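Student: Next one to model:
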Amino acid sequence: MAAGMKAVEVRGLWWRYASGRGWALRDVSFELEEGEMLGVLGPSGAGKTTLCLSLAGVIPHGIRGVMRGRVRVFGRDTSRAMISDLARLVGVVFQDPDTQFVTMRVLDEVAFPLENMGVERGEMLRRCEEALRATGMWELRHRYPFELSGGQKQRVAIAAMLARRPKLLILDEPTSDLDPVGRREVFEVLARLREEHRVTLIVVEHRTEELLKYADKLLVLRGGEVVAYGRVEEVLADVERLKSAGVRLPAAAELALRVFKRPAVLDGRLPVTLEEGVRVLQAARSRMRVRRREERTRAGAKPVIKLVDAWYVYPDGTAALRGVSLEVYRGELLAVIGRNGSGKTTMAKLMVGLYKPTKGRVEILGEDSRGLKASDVALRVGYVYQNPDHQLFCETVYEEVAYALFNAGLPR
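Tutor: Predicted structure coming up:
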């Protein structure tokens, strides 16, 4: 890289989609040195994904609209460079991994971009194994994407980009479907990429715990404008600005603010990691009181959902659920946690009648799910998918909301 050249340089960037009236990005400016990691924060609709598309050259080459300002990636003006040239420099992992899959097997998916780049076969296989092992997907390399959980799909999409070894890697909420262990593993992989290959990283995230451990700088967007930009410790110092911008602070930082009522509580700064949060708890133990929750009475009540030794085995022989028994009563809130691929989504689909148990019994509002149609359950049990695109199919928001009510026979 030429002396004085920035890895990323954005100056006065404005963007308006051809289909929109307002500006999606407004006078955005920042820069990155090679090997730095930038965390991009902000609420939904802040312009984070639009910024990612601009850095990758998809805007303005692949999307119609009006652009002002300048974006340079390793000296190349993205509005003038060929998209094929930018693709060799920049890798993007999108929020929805399904949009990136083009082949059948996991291994083929990771190898596909390398084949297009003309990488020698031996080197290709070595990179594929390295990327899949780094993301914990090597053992599933012969699986098909539709056999994977949402978090596993995201790992494959990340592996496909890691294998390419781009100079700039952009990740748009790469850990949104991953469990805490998976999120930690992804950021550990990113840290190794920086150390071993000096990859420059831009990571969009809502969950900030892991990001703040590794990022060098933060960029906070709201309404397409830059609300804050600078070193991590500088941006975190202004808690009120972050909260007003809709940024969710790490759980440890929220805890510290609630207990101590001030931002500088751990060596003059907010705690970020779980370990730092434990230190705050230990220091604050004397001033905290825990209120016991009142137990809800279940006397005489019947469960709305009941699983009795429920099993579910997929056609390929994978036992996703093994002998689960539980009861959920009216008014309760049941939190289901577990690693990716542990059976959470499978159990949810059993609870709404989309799947029938292979063994055991599932009761929905007192009735055996085997005797119920999914359409019967749909009027009484609501279900929101992990990916909302899987349940949105009308042309407008109003039509989408009204669709189920219309089918239920409600008057207009």
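Student: you'd agree residue 72 is in a helix?
Tutor: No. The assignment for residue 72 (DSSP: H, G, I helix; E, B strand; the rest coil) gives strand, which keeps it out of a helix.
Student: So it versus residue 54, what's the distance?
Tutor: Applying C-beta to C-beta, to the nearest Å, the value for residue 72 to residue 54 is 11 Å. Just so you know, the C-beta spots here come from the backbone N, C-alpha and C atoms, and that holds for glycine as well.
Student: can you check residue 137 too?
Tutor: When C-beta to C-beta is the yardstick, residue 137 and residue 54 sit 30 Å from each other.
Student: try residue 271
Tutor: Taking C-beta to C-beta as the measure, residue 271 falls 34 Å from residue 54.
Student: try residue 125
Tutor: In this structure, residue 125 and residue 54 are separated by 34 Å, where distance is defined by C-beta to C-beta.
Student: Those two: who's more crowded?
Tutor: A count of neighbours by other C-beta atoms under 10 Å puts residue 54 above the other of residue 125 and residue 54, at 24 against 15.
Student: Could you check the pLDDT of that one?
Tutor: In the predicted model, residue 54 carries a pLDDT score of 96.
Student: and it, what does it touch?
Tutor: When contacts are counted by C-beta atoms under 8 Å, 6 or more residues apart in numbering, residue 54 touches 10, 13, 15, 25, 60, 67, 71, 78.
Student: Recalculate using a threshold of 7 Å.
Tutor: With contact taken as C-beta atoms under 7 Å, 6 or more residues apart in numbering, residue 54 is in contact with 13, 15, 71, 78.
Student: what about residue 34, neighbour count?
Tutor: Counted by other C-beta under 10 Å, the residues lying close to residue 34 total 16.
Student: phi, psi of it?
Tutor: Dihedral pair for residue 34: phi -60, psi 130, per degrees, to the nearest 10.
Student: got the contact list for the closest residue to it other than its chain neighbours?
Tutor: Excluding its sequence neighbours, the residue lying closest to residue 34 (C-beta to C-beta, 6 or more residues apart in numbering) is residue 7, at 4.3 Å. With contact taken as C-beta under 7 Å, 6+ apart, residue 7 is in contact with 32, 33, 34, 74, 168, 200.
Student: Would you mind measuring from residue 7 to residue 21?
Tutor: Distance from residue 7 to residue 21, counting by C-beta to C-beta: 34 Å.
Student: Which one of the contacts of residue 7 sits in the busiest neighbourhood?
Tutor: The most crowded member of these, judged by other C-beta under 10 Å, is residue 200 (25 neighbours).
Student: unless I'm mixing things up, residue 224 is touching residue 26, no?
Tutor: Yes. Taking contacts as C-beta atoms under 7 Å, residue 224 lies within contact range of residue 26: 4.5 Å.
Student: These two: which is more packed in?
Tutor: Comparing residue 224 with residue 26 by other C-beta under 10 Å, the one with more neighbours is residue 224, at 23 against 18.
Student: pLDDT score assigned to that one?
Tutor: Predicted confidence (pLDDT) at residue 224: the value is 95.
Student: same check, this time on residue 293
Tutor: Per-residue confidence at residue 293 stands at 58 (pLDDT).
Student: Also residue 122?
Tutor: Looking at residue 122, its pLDDT stands at 94.
Student: Just read off the phi/psi values of it.
Tutor: Backbone torsions of residue 122, given as degrees, to the nearest 10, read phi -60, psi -50.
Student: how close does the residue positioned nearest the centre of the chain sit to residue 186?
Tutor: The centroid of the chain falls nearest to residue 176 when counting by C-alpha atoms, centre = their mean (1.9 Å). The gap separating residue 176 from residue 186 is 11 Å, by C-beta to C-beta.
Student: How about residue 120?
Tutor: For residue 120, the distance to residue 186 - C-beta to C-beta - is 28 Å.
Student: How about residue 245?
Tutor: From residue 245 across to residue 186, the span is 25 Å (C-beta to C-beta).
Student: Measure how far the worst-scoring helix or strand of the chain on mean pLDDT is from the centre of its chain, please.
Tutor: Among the helical and strand segments of the chain, the one scoring lowest on mean pLDDT, DSSP states H and E is helix 274-284, with a mean of 75. For helix 274-284, the gap between its own C-alpha mean and the chain's C-alpha mean amounts to 27 Å (C-alpha atoms, centre = their mean, to the nearest Å).
Student: what sits against residue 162?
Tutor: Residue 162 sits next to 131, 134, 189, 193 when contact means C-beta under 7 Å, 6+ apart.
Student: Show me which residues of the one helix or strand the last one maps to are buried.
Tutor: Right, the one you point to is residue 193. With elements delineated by DSSP states H and E, residue 193 resides in helix 180-197, which encompasses its position. The neighbour-count check on helix 180-197 (16 or more other C-beta atoms under 10 Å) flags 182, 183, 184, 185, 186, 187, 189, 190, 193, 194 as buried.
Student: how big is the angle separating the helix or strand immediately after it in the chain from helix 180-197?
Tutor: Along the chain past helix 180-197, the next helix or strand (assigned with DSSP H and E) turns out to be strand 200-204. Angle, strand 200-204 to helix 180-197, by axes from the mean of the first three to the mean of the last three C-alpha atoms, to 10 degrees: 160 degrees.
Student: Which secondary structure elements does strand 200-204 sit against?
Tutor: Judged by 3 or more C-beta pairs under 7 Å, 6 or more residues apart in numbering; DSSP states H and E, strand 200-204 is in contact with strand 37-41, helix 48-56, strand 168-172.
Student: Can you list the buried residues in the second one?
Tutor: The reference is to helix 48-56. Going by neighbour count (16+ other C-beta under 10 Å), the buried part of helix 48-56 is 48, 49, 50, 51, 52, 53, 54, 55, 56.
Student: Let's have those in CSV, adding distance to residue 208.
Tutor: Rendered in CSV, the data for those read as follows (distance: C-beta to C-beta, whole Å):
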residue, distance to residue 208
48, 13
49, 17
50, 20
51, 17
52, 17
53, 22
54, 23
55, 21
56, 23
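Student: secondary structure element for residue 80?
Tutor: Taking DSSP H and E as the criterion, no element holds residue 80; it sits outside all helices and strands.
Student: How about residues contacting stretch 76-91?
Tutor: 54-57, 60-61, 67, 70-71, 73-74, 161, 164, 166-170.
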